[in-house]
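Enquirer: Have a look; sequence and predicted model below, questions after that.
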Amino acid sequence: EVQLVESGGGLVQPGGSLRLSCAASGFTFSSDDMHWVRRATGKGLEWVSAITSAGDTYYAGSLKGRFTVSRENAKNSLYLQMNSLRVEDTAVYYCTRKRGYGYAFDYWGQGTLVTVSS
Amino acid sequence: DIQMTQSPSTLSASVGDRVTITCRASQSISIWLAWYQQKPGKAPKLLIYKASSLESGVPSRFSGSGSGTEFTLTISSLQPDDFATYYCQQYDSYWTFGQGTKVEIK
C-alpha cells in the first residue's frame, strides 16, 4: 500500500525557517517524481515545488529562492526546506507522487500544517 | 505561466442531479488535465487524468472531456458522498490548479 506521511510543520515567526519531511513507502520511491502542494485556509490548491527522479528541481515563481526541495532515495524521503517564511506561507503542505509520464498526482499525504505568525 | 479558470465557483445541487464543472486554460494544454476532489480536512483525491481517463477505483458517474483549452468534469447522478470541492489541474507546462468549485447541497 502506498503511503506518504508528512512531518515537520508547526508555528514559526515571520522570517524563520522550517524543514518539512515526507516519508514514502509502498512503491519504488527513487523511480517517481515527487511534488509539494499547499492549501491556505479558505483558498485553493497551489503547486509549490517538484523534484524529478533524476533530481531536477522546479519551483513556483513566487517561491523560488526561499524554498528548496530535495530527496534522499536511500531513506525514501522527500524534504522541503523553507526559509524567510512569510505570513502568506501559512498553509497545509502536502507531498504527492506523480505517477510517470502523462499521469497526474495519484497519491497524497495527509498534510502538515505550517503557521507563520508572530 | 498557464492560468486555469474554473466555473462556477460554487454550485448548489441535489442528490441525483447531473452536474457539470468547466475549466478553461489560458493557452492550449492538449489533454494534460486532471481533476481532483477534496473534502474538508482531507487530502485531494485524483478522479480524472489525461482529460478523460478515469482513475482506478473512481465511480463511473464521474467523467471528463475536452482538449486544448476547454474541459469539463461531469457527475452523471450526484451522490451524497460527492459534496466536496473540485479542482482542475494542468500539467502541460509546470503545474497549475484552478481556483476550485464547491459543490453544495441545494
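Expert: Everything's here; your move.

Enquirer: Low-confidence stretches in chain A?
Expert: Along chain A, segments meeting pLDDT under 70 are nowhere present.

Enquirer: which residues touch stretch A:19-27?
Expert: A:1-9, A:34, A:36, A:76-82, A:93, A:95, A:97, A:107, A:109, A:112, A:114 (C-beta atoms under 8 Å, 6 or more residues apart in numbering or on different chains). All C-beta atoms are positioned from the backbone trio N, CA, C, and that covers glycine.

Enquirer: out of those residues, which touch chain B?
Expert: Residues of the contacts of stretch A:19-27 in contact with chain B (C-beta under 8 Å from any C-beta of the partner chain): A:G109.

Enquirer: List buried residues within the contacts of stretch A:19-27.
Expert: Buried members of the contacts of stretch A:19-27, counted by 16 or more other C-beta atoms under 10 Å in any protein chain shown: A:4, A:6, A:8-9, A:34, A:36, A:76-80, A:82, A:93, A:95, A:97, A:107, A:109, A:112, A:114.

Enquirer: From B:S52, how far off is the residue nearest to the spatial centre of chain B?
Expert: Closest residue to the average C-alpha location of chain B: B:W35 at 3.9 Å, with C-alpha atoms, centre = their mean. As defined by C-beta to C-beta, to the nearest Å, B:W35 lies at a distance of 10 Å from B:S52.

Enquirer: Could you name every residue contacting both of these two?
Expert: Common neighbours of B:W35 and B:S52 (C-beta under 8 Å, 6+ apart) are B:G64.

Enquirer: Show me which residues of chain A sit near chain B.
Expert: Checking chain A against chain B by C-beta under 8 Å from any C-beta, the hits are A:35, A:37, A:39, A:44-47, A:50, A:58, A:61, A:94, A:96, A:98, A:102-106, A:108-111.

Enquirer: returning to what we had before: narrow the contacts of stretch A:19-27 to those in strands?
Expert: Counted as lying in strands by DSSP state E, out of the contacts of stretch A:19-27, are A:3-7, A:34, A:36, A:77-82, A:93, A:95, A:97, A:107, A:112, A:114.

Enquirer: Chain B against chain A: which residues are in contact?
Expert: B:1, B:32, B:34, B:36, B:38, B:42-46, B:49-50, B:55, B:85, B:87, B:89, B:91, B:94-100.

Enquirer: mind redoing it with 10 Å?
Expert: Contact residues (C-beta under 10 Å from any C-beta of the partner chain) of chain B with chain A: B:1, B:4, B:6, B:9, B:31-36, B:38, B:41-50, B:53, B:55-56, B:85, B:87, B:89-91, B:94-101.

Enquirer: Could you measure from B:R18 over to chain A?
Expert: Distance from B:R18 to chain A, counting by C-beta to the nearest C-beta, to the nearest Å: 24 Å.

Enquirer: got it, and B:S30?
Expert: Using C-beta to the nearest C-beta, one obtains 10 Å as the distance from B:S30 to chain A.

Enquirer: who are the neighbours in contact with that residue?
Expert: B:50-51, B:67-69, B:90, B:92 (C-beta atoms under 10 Å, 6 or more residues apart in numbering or on different chains).

Enquirer: what number of residues lie near A:T28?
Expert: By other C-beta atoms under 10 Å in any protein chain shown, 10 other residues sit near A:T28.
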